[in-house]
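Asker: Next come a sequence and a model predicted from it.
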Amino acid sequence: MSAEEGEEDTSCCASCGVAEGDEIKLKKCNGCHLVRYCSVKCQREHRPKHKRACKERAAELRDEILFKQPEGSHLGDCPICCLPMPLD
């Protein structure tokens, strides 16, 4: 199984390929939340293959949270300081 296949199919361990079942609960990667592992051992073994993609996805997730636009109810507020802007 290649690293790409393991990262796309989230119902099996990205390292060993064991499928999730009643007795096996897969845990998501803490960085990117895209791949799953059946054990800490599998996560450590797969880390060198997954490290680059994980860091890129984790950065994307941080940017999405950081640059998320405020809700529509804040239309009259300054996007930088969130203070009400004058209507003049």
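Answerer: Yep, that arrived. Numbering: from 1, shown residues only.
Asker: Please make it C-alpha for all contacts and neighbour counts, starting now.
Answerer: Noted.
Asker: Give the rounded mean pLDDT of the helix ranked longest in the chain.
Answerer: Using DSSP state H to define each element, the chain has its longest helix at helix 40-66. Within the predicted structure, the mean pLDDT of helix 40-66 is 91.
Asker: What helix or strand is the residue most central in space within the chain located in?
Answerer: Nearest to the geometric centre of the chain sits Cys32, at 3.0 Å (CA atoms, centre = their mean). Under DSSP states H and E, no helix or strand contains Cys32.
Asker: Would you confirm that it contacts Arg57?
Answerer: Yes. Taking contacts as CA atoms under 8 Å, Cys32 lies within contact range of Arg57: 5.4 Å.
Asker: What's the local residue count around Ala19?
Answerer: 17 (other CA atoms under 10 Å).
Asker: Sorry, slip of the keys, the one I care about is Leu83.
Answerer: Here the count is done by other CA under 10 Å, and Leu83 has 11 residues near it.
Asker: go on, Cys42?
Answerer: By other CA under 10 Å, the residues close to Cys42 number 16.
Asker: What residues does it make contact with?
Answerer: With CA atoms under 8 Å, 6 or more residues apart in numbering as the criterion, the residues that contact Cys42 are 13-16.
Asker: can you do 10 Å?
Answerer: Contacts of Cys42 were listed using CA atoms under 10 Å, 6 or more residues apart in numbering, and they are 13-17, 36.
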